[in-house]
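**Q** just coords:
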């Protein structure tokens, strides 16, 4: 059993997940993500990357096993505690999951508004972030009118606006060109340098090769880790 | 003007776009209409009982039944003699302020609805009525007074109105209980409609709620948006109900005052009664806010 460490942002111990009465999609997952770490998450389509991420951002509980986040076992956390943990997690979804009827501004402002932040501070921060992702000219456009790449950038701005302790991104560069992808990766690296733990699910070999970070690989329902410059699997992650 | 100033903040949950809003407003309007009519009935009955109580507190009635002498003239003179003795006695009682035997004309007026205009009281074996005004603070022993009256004249009997008033009050209490049951049922139906509308809306808004949860919104944040929306629907629906209820209350009031006998026409709604009725939209708003808030909280508890 993984011993809970205050240095780990997320810990999973013998975690399994299944939907309804179906077979387990993930089995016996053991994982410990140290504070300030940066990992890629890879695996074939259907390998369970999105399910693993959803466990990390507390959208569901595991069918079995224990998950600890910020040192707290989520099986014993109440609703308000879970909400407080989620405020420290930034998530970028593959399908963006923006509120289409809201403007880019209001979408990015959401994580700050649910924390009851002062509107003046919200305006300042959101404007700054939307300018950074080069969407200041679309600030008050409805999300439904934005292109895929623009939506992706709004989703990323929303995920990082609250300076989260951990950033989870599901194919964050899938809908943007190489220049924007490079800028976004630079943002993730910068966030990581100031202490944010980052996990990025990706299929892009280019990104994995360009940025030398460890790779969590899902295969046959199990999780393996590969380190850069050493492509041999080290087996299940053990701490 | 900068663009920032002209773009208002939109709510995350698109509750205004749901078709259920109009349905709920209509339900609340009908509920408040029924509530207002029933409540005005309860308040009017209360006012009626109050009026009755006030009117009899300082008065009592003594009745002298006609003498049974077969000779009509003798019977009349005996009855009048008894009435005179009773009047004299009553005037000597401590606490009695005024003793007024009803005249033949007054008795005739009382009997007109049943016997018509053309009647001669002296030819009819009808009881003589004596109206007695008393000092309500005098603490008169009515039971002893009744016995003393009987000693003065076996034909006299005392009526302090308690008997018929108690029966009327029992009847009015029954009406009030029925009305209270209606008020409770209407409140329950309103809460039920808000409960199911909110539940249905939570299903429709599930996607947005999941996103709000993922970015860290607490259930209270979502529940407050529902409470605000439902509160507004409750208030507007309530106003609609009141707009229709006020003319209806006046109409029913006019019908009631047209009833002869002077019982129902004594009723009227005071300013405080009207304030209570006019505050029903606020009451509807409070029910809507409370029901929506707790429905959302309870439902979201089951989500992760």
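**A** The structure has been received and is ready for your questions. Note that the structure is predicted; figures quoted are calculated from it, not measured. Residues are numbered from 1 along each chain as shown, chains lettered A, B, ... in the order given.

**Q** Give me the three-state assignment for the residue nearest the centre of chain B.
**A** By CA atoms, centre = their mean, chain B has its centre lying nearest to residue B:42, at 1.9 Å. In three-state terms, and counting by DSSP: H, G, I helix; E, B strand; the rest coil, residue B:42 is helix.

**Q** again with the one 10 residues further on
**A** For residue B:52, the reduced secondary structure class is helix; criterion used: three-state DSSP.

**Q** Hmm, it is touching residue B:168, no?
**A** Yes - here residue B:52 lies in contact with residue B:168, judged by CB atoms under 8 Å, at a distance of 6.6 Å. Where you see a C-beta, it was placed from the backbone N, CA and C, and this is true even at glycine.

**Q** Settle it for me: which of these two has more neighbours?
**A** Neighbours per residue, other CB atoms under 10 Å in any protein chain shown: of residue B:52 and residue B:168, the larger number sits with residue B:52, 18 against 15.

**Q** So for stretch A:188-202, mean pLDDT?
**A** Mean pLDDT, stretch A:188-202: 93.

**Q** now stretch A:78-90
**A** Along stretch A:78-90, the predicted confidence averages to a pLDDT of 93.

**Q** what about it and chain B, touching?
**A** Yes - judged by CB under 8 Å from any CB of the partner chain, stretch A:78-90 comes into contact with chain B at A:79-80, A:82-84, A:86-89.

**Q** cool, and stretch A:17-26?
**A** No - Stretch A:17-26 is not in contact with chain B by CB under 8 Å from any CB; minimum separation 13.0 Å.

**Q** Residue 33 in helix, strand or coil?
**A** Let's take chain A. Going by three-state DSSP, the secondary structure assigned to residue A:33 is strand.

**Q** which bits of the stretch 151-300 of chain B sit near chain A?
**A** If contact is defined as CB under 8 Å from any CB, the residues of the stretch 151-300 of chain B in contact with chain A are B:208, B:210-219, B:221, B:300.

**Q** switch the cut-off to 7 Å
**A** Neighbours of chain A within the stretch 151-300 of chain B, by CB under 7 Å from any CB of the partner chain: B:208, B:211-219, B:221.

**Q** quick one: low-confidence ranges for chain A?
**A** Applying pLDDT under 70 to chain A flags the ranges A:1-4, A:229-239.

**Q** do that again at 80, thanks
**A** Residues of chain A that meet the criterion pLDDT under 80 lie in A:1-6, A:174-177, A:180, A:229-239.

**Q** Which single residue of it ends up nearest chain B?
**A** When you check chain A against chain B by CB to the nearest CB, the closest residue turns out to be residue A:87, at 3.4 Å.

**Q** thought that residue was touching residue B:216?
**A** Yes - using CB atoms under 7 Å, residue A:87 and residue B:216 qualify as a contacting pair, with a distance of 3.4 Å.

**Q** any shared contact partners between those two?
**A** Common contacts of residue A:87 and residue B:216, defined by CB atoms under 7 Å, 6 or more residues apart in numbering or on different chains, comprise residue A:111.

**Q** Take the residues of stretch A:78-90 next to chain B and write them to JSON lines, including neighbour count.
**A** As requested, the residues of stretch A:78-90 next to chain B are exported to JSON lines (neighbours: other CB atoms under 10 Å in any protein chain shown):
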{"residue": "A:79", "neighbour count": "16"}
{"residue": "A:80", "neighbour count": "11"}
{"residue": "A:82", "neighbour count": "19"}
{"residue": "A:83", "neighbour count": "23"}
{"residue": "A:84", "neighbour count": "16"}
{"residue": "A:86", "neighbour count": "24"}
{"residue": "A:87", "neighbour count": "19"}
{"residue": "A:88", "neighbour count": "15"}
{"residue": "A:89", "neighbour count": "25"}
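
**Q** sorry, back to before: who's in contact with the residue of chain A closest to chain B?
**A** Going by CB under 7 Å, 6+ apart, residue A:87 touches A:111, A:115, A:162, B:216.

**Q** 6 Å - rerun?
**A** The contact partners of residue A:87, by CB atoms under 6 Å, 6 or more residues apart in numbering or on different chains, come to residue B:216.

**Q** do the same with residue B:245
**A** B:33, B:36-37 are the contacts of residue B:245 under CB under 6 Å, 6+ apart.

**Q** Which helix or strand contains the residue of the stretch 151-300 of chain B found nearest chain A?
**A** Closest approach between the stretch 151-300 of chain B and chain A, counting by CB to the nearest CB: residue B:216, at 3.4 Å. When elements are assigned from DSSP states H and E, residue B:216 belongs to no helix and no strand.

**Q** for residue A:223, same thing?
**A** Using DSSP H and E, the secondary-structure element containing residue A:223 is strand A:222-226.

**Q** Show me which parts of that strand are buried, residue by residue.
**A** Across strand A:222-226, burial judged by 16 or more other CB atoms under 10 Å in any protein chain shown covers A:222-226.

**Q** Give me the sheet partners of that strand and which way each runs.
**A** As defined by DSSP bridges, the strand partners of strand A:222-226 come to strand A:215-219 (antiparallel).

**Q** starting at the chain centroid, how far to the strand it pairs with?
**A** With CA atoms, centre = their mean, to the nearest Å as the basis, the distance from the averaged C-alpha position of strand A:215-219 to the chain average is 15 Å.

**Q** what do you get for stretch B:271-291?
**A** Between the mean C-alpha point of stretch B:271-291 and the mean C-alpha point of its chain there is a distance of 17 Å (CA atoms, centre = their mean).

**Q** pLDDT on it, on average?
**A** For stretch B:271-291, the mean confidence score works out to 93.

**Q** Endpoints of it, how far apart?
**A** Distances were taken as CA to CA, to the nearest Å; on that basis the terminal residues of stretch B:271-291 are 30 Å apart.

**Q** buried set for it?
**A** Residues of stretch B:271-291 classed as buried under the neighbour-count rule (16+ other CB under 10 Å) are B:273, B:276-277, B:280-281, B:283-285, B:287-291.

**Q** Show me the helices in the stretch 1-150 of chain B, by range?
**A** B:3-6, B:20-57, B:72-92, B:104-115, B:142-152 (DSSP state H, counting those that start in this stretch).

**Q** next one: chain A
**A** With DSSP state H applied, chain A shows helices at A:49-56, A:79-86, A:104-113, A:119-132, A:148-160, A:178-193, A:205-210, listed in chain order.

**Q** helices and strands around the third one, which ones?
**A** If I follow you right, that is helix A:104-113. Using 3 or more CB pairs under 6 Å, 6 or more residues apart in numbering or on different chains; DSSP states H and E as the contact criterion, the elements in contact with helix A:104-113 are helix A:119-132, helix A:148-160.

**Q** tell me the most buried of the ones you listed?
**A** Comparing the helices and strands packed on helix A:104-113 by mean neighbour count (mean count of other CB atoms under 10 Å in any protein chain shown), helix A:148-160 comes out on top with a mean of 24.

**Q** so who does residue B:35 touch?
**A** Under the criterion of CB under 6 Å, 6+ apart, the contact partners of residue B:35 comprise B:186, B:280.

**Q** so how far is residue A:120 from it?
**A** Plainly put, residue B:35 is 44 Å away from residue A:120 if you go by CB to CB, to the nearest Å.
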